[in-house]
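S.K.: this one's sequence-less:
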């Protein structure tokens, strides 16, 4: 049999077993700035890199949407790789409300139906487009954006993120879904206090 | 006189004059993903690294604030260095409205007066603090935040950004200051159409 | 109307019009290490961020596959954002041959059919999985991998890359599709010279 | 009340509570290349993002300076954000001796008084400027620089760093404040041995 | 003696002893995406930054090569610094088989003898060069490459990597040295099944 | 002949010929923060990736050293790859004076002779080691360091840098080789004015 010293040296060059092609997340360990610490290499299997499956969820909420994620919590092998994906289903009249992702750009791929997607740039230009099956649109990191089901039936999209564990901040939830002083909201948005109180009630906020 | 070959070799190791300690922005050149191309080294002076001066501006606008920036446009030497600063003055009742910086974290240093500053995390916790002279607070990149003058007189802060050319997206301007369809705004924020129309008028938007 | 000095200062803080939320590729300009230079902001429209559409292509080639890309060449707004997507269709018996992406990790999302996907780690473990509609699998950057249509009909997948302009190196093409000396190939792969010559002929190589 | 599935999915997409907008330093944990591990999210409060307060310190040392830092040790929320700030006070005749920051660029903002600041580029150009209240100057990462109080009274500056935990290496301390062999210093600086011995004594060095 | 407050503040600005100039690997700790956690600063010595010595190894294996690494396992101080080096010796007729480094570019410096080195770009150009003592050649990250001893005696090279802990994936080992189904290999490489079986036997593979 | 659509699509996915595996420096073009723009792919040859040869230089200067670089100016293919190398020869009594590299860590590999190398950490620890043929030592980025020939004959080392175009700042040259005001030097180093004047004369400085 062939004797290959070269590869062996590469493999044994650290003092203990080490996975160096990837860093599968140990989801129970304390996170660092760069993500999760790596699982022990002996315990890594192909299932750390795969997820079954992205499906339509329940769309009975107010915005008639569902989101099925394949983030690092579902695929620990995504840790450190700068990628994740989610499936979003929108029922008739369904929307994804105005929100931002502080840590990720987003690529929208339409799987079924018709979607009107839009983002606003920081110099206040409006970028809106109606997309159908197979169409793709990208939203640069950190900008306010939304999606509206523009079909008469259900619509489905894949959302691809440039982060294995993306966050989302919904404008409504941030303004109305917590105990932030209503006067602060009024002063810093110029919304009427009545409007704020009404939405605070709707979103479960106080103050 | 001493003859130093070592340094000379480092300096002449590329085929033409090159500045390699820094990349002073050529503000007239086409930007790249990593910022501005570098000015010719022969034309760089200490004035490319300095700016005089950060002063109080006119605070007669609706939000009674002024912002005096020292960004890459004022200090071309900031290009590529991941830093910039601005001075903000708030008159009595002055505020910085709810906004995000898609590309920068922000460090607030209070120079004069009293400020109530706050940010909302994406899991919807409220982080609010009242700061006085010499106090410091940091807002992580991409999160919604605001500042309110909490003193009976003027207040002044330095805002430090982790980007040489930061952007700001104001929620109000994004929702009400452009031609985005009012029905889209209503659907994706649940704000009343009356409220939207009123603020569209105030912020100069249409649609 | 409301007067907002704050935003205006952010917008005018550089000496000329600048897009700072994104850097849409000027595809005719000379690339840099970090991608394409940015298009002039005045010429950017929503179409720079969208592409219509990802469709099945012609699968009459040897490997019975087709690839429809949405890379920076199709969506200039992807420049600098670390994301792209492609649709791959595999006819009956279709495969994606063994290859690597030097610059990107890859996320596979099965749209239709059944796929057997696999990658080999550098410590020579085999990670193989058969995936069906809605299943997801990730291949870490730089590792050898392949996909085989495992259904009795056509299969379709989305391939998501962590680079706006990914490259692919096929083992066969690198070994047999160019003028690399056959003796060098034999020495450095231990393949039989007959086998090399046969595949050199098939892949159009010489030497 | 409004039911928002979208946000909930983003929040619960990992298997346990996780803060993903920021990584507040657990100062008692072992550091990594990218900084401190993150504190448990349940224990994070607004006080992790704020510090009170930057004040003038005691300037009775040889160089008549004081430095009051707001680094990650004071503001754990700075971890991973690439920013920190310090207040420096210089008494009459006070200086900051020649030094480098290996890991950070530095932005100087003059709060009070008059400062002469300078840095030397690696191609040996001198960049010196006298700055007054409100003036700003940037020192690119890794270059030798100094500051001298140029007023007849006290001067105060804010120093802003592009690192949450910057280091400083003082030339004098490195050459004279340790047990480095004096002959090595002489050979590699061409300073006279007398001068070296004198400063070794002054700075507490030996050898 | 001179009293230096400035440096002291920099050193004591975190709540406990911290090394901040470097992060020497604790090789027994769990790795993160950015490498090993840092050793306790009290235990760091100059030996963490040095290694003695890179020597010729045994070249009695099939490919008549030996590799003596100075990676992070040998020099824990390399952790986080993006550099490592190895010495490779090739006996007469010795080769380094076709392989890739997923995580590192490679710089070849010829110490002794004559080497023919080559890499293939992803657009299938062949870059081959014969190098003698003192010659240098670089192989960009992730591309297939090889080295062949072109002298009548032994040859020695230093290989420099842009990663402190580089991995290597040998094409032969990946295709023939594991239990990957031979039919999969045949389909995805077009190699003859006989050839595959022969090399599977040689490289210890099965399936 | 085999027909491979897959690779063709990857190659043609941008609107014009593009090199995407590497970005060979166009040394005549204006640099950006991330290095040189890329040469046109049609003009790239293997010679852009190779250099012949690293040789001993003239060591008749004051410090009895010579440096033969293989930086991006010699190997344009290093652009963007984070690596370079130089050969340093030290005659009897030769030294590399105290200096820093603001942009690169340095790996020393001893080729011939005996070297005493040292660096000082920012918390003022001395890391000194005497190295012989085949020994390796790393100097973390930005720290003051030196090398002294410790053999009775010539010594030769390879210096490997984590930057394709490293800079060097020599303490002596920065303090004494320019027109920086001698009083500023005295105040910020505590060196005697006599010593400063003497070395200003030696290093060709004024002021």
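M.R.: Great, that's in hand. If you're wondering where the values come from, they're calculated on a predicted model, not measured in any experiment.
S.K.: which residues in chain A form strands?
M.R.: Ranges of strands within chain A are A:50-51, A:65-70, A:84-90, A:95-100, A:106-112, A:114-120, A:126-132, A:136-139, A:145-149, A:155-161, A:169-170, based on DSSP state E.
S.K.: out of those strands, nearest to residue B:91?
M.R.: strand A:114-120 (28.1 Å; CB to CB). Every residue, glycine included, has its C-beta placed from N, CA and C.
S.K.: right, is that closest one up against chain B?
M.R.: Yes. Against chain B, strand A:114-120 shows contacts by CB under 8 Å from any CB of the partner chain at A:116, A:118, A:120.
S.K.: in its sheet, which strands sit next to that strand, and in what direction?
M.R.: If you go by DSSP bridges, strand A:114-120 pairs up with strand A:126-132 (antiparallel), strand A:145-149 (antiparallel).
S.K.: could you dump these to TSV with mean neighbour count, mean pLDDT and distance to residue F:100?
M.R.: Listed next are the strands paired with strand A:114-120 as TSV, based on neighbours: other CB atoms under 10 Å in any protein chain shown; pLDDT from 0 to 100; distance: least, CB to CB, whole Å:
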stretch	mean neighbour count	mean pLDDT	distance to residue F:100
strand A:126-132	19	97	46
strand A:145-149	25	98	45
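S.K.: for chain A, which helix is longest?
M.R.: If you go by DSSP state H, chain A has its longest helix at helix A:193-203.
S.K.: tell me what that one is packed against?
M.R.: If you count contacts as 3 or more CB pairs under 8 Å, 6 or more residues apart in numbering or on different chains; DSSP states H and E, helix A:193-203 packs onto helix A:171-176, helix A:182-189.
S.K.: which of those sits most buried?
M.R.: helix A:171-176 (a mean of 25; mean count of other CB atoms under 10 Å in any protein chain shown).
S.K.: can you name the residues in contact with that helix?
M.R.: With contact meaning CB atoms under 8 Å, 6 or more residues apart in numbering or on different chains, helix A:171-176 is reached by A:97-99, A:144, A:185, A:189, A:191, A:196, A:199-200, A:202-203, A:205, B:98, B:120, B:124, B:144, B:171, B:175, B:189-190, D:4, D:7.
S.K.: now with 7 Å?
M.R.: For helix A:171-176, contacts defined as CB atoms under 7 Å, 6 or more residues apart in numbering or on different chains pick out A:97-99, A:185, A:189, A:196, A:199-200, A:203, A:205, B:120, B:124, B:144, B:171, B:189-190, D:4, D:7.
S.K.: before we move on, back to that, list the buried residues in the longest helix of chain A.
M.R.: Within helix A:193-203, the residues scored as buried using 16 or more other CB atoms under 10 Å in any protein chain shown are A:195-196, A:198-200, A:203.
S.K.: and that helix, how far from the chain's centre?
M.R.: Centre-to-centre, helix A:193-203 and its host chain are 27 Å apart (CA atoms, centre = their mean, to the nearest Å).
S.K.: contacting residues for the nearest residue to residue A:188 once chain neighbours are set aside?
M.R.: Leaving aside its sequence neighbours, residue A:188 sits nearest to residue B:146 (CB to CB, 6 or more residues apart in numbering or on different chains; 4.0 Å). Residue B:146 is in contact with A:184, A:188, B:95-98, B:118, counting by CB under 7 Å, 6+ apart.
S.K.: quick check: phi and psi at the spatially closest residue to residue A:198 that is not a sequence neighbour.
M.R.: Distances taken as CB to CB, 6+ apart place residue B:192 nearest to residue A:198, at 7.7 Å, with adjacent residues excluded. With angles defined as degrees, to the nearest 10, residue B:192 sits at phi -70, psi 150.
S.K.: and the pLDDT at residue B:192?
M.R.: Per-residue pLDDT puts residue B:192 at 97.
S.K.: ok, back up a step: looking at the helices and strands packed on helix A:193-203, which is closest to residue F:28?
M.R.: helix A:171-176 (49.0 Å).
S.K.: avg pLDDT for the closest one?
M.R.: pLDDT averaged over helix A:171-176 gives 96.
S.K.: distance from that helix to the middle of the chain?
M.R.: Worked out by CA atoms, centre = their mean, helix A:171-176 lies 18 Å from the chain centre.
S.K.: burial of residue A:152, as a residue count?
M.R.: As a burial measure, residue A:152 scores 10 neighbours (other CB atoms under 10 Å in any protein chain shown).
S.K.: what of residue A:150?
M.R.: By other CB under 10 Å, the residues close to residue A:150 number 15.
S.K.: any stretches of chain A with poor pLDDT?
M.R.: Within chain A, the segments meeting pLDDT under 70 span A:7-8, A:11-19.
S.K.: closest to the centroid, which residue in it?
M.R.: Nearest to the geometric centre of chain A sits residue A:166, at 4.4 Å (CA atoms, centre = their mean).
S.K.: and it, how far is that from residue A:106?
M.R.: 8 Å (CB to CB, to the nearest Å).
S.K.: coming back round to it: list just the nearest of the contacts of residue B:146 to residue B:74.
M.R.: Distance to residue B:74, by CB to CB, is smallest for residue B:96 among those, at 19.7 Å.
S.K.: pull out the buried positions in stretch A:93-109.
M.R.: In stretch A:93-109, counting by 16+ other CB under 10 Å, buried: A:94-109.
S.K.: residues contacting residue A:50?
M.R.: Contact analysis of residue A:50 by CB under 7 Å, 6+ apart lists A:75, C:129, C:131, C:135-137.
S.K.: let's see that with 10 Å instead.
M.R.: Contacts for residue A:50 were tallied using CB atoms under 10 Å, 6 or more residues apart in numbering or on different chains; they are A:70, A:74-75, A:77, C:108, C:117, C:127, C:129-131, C:135-138.
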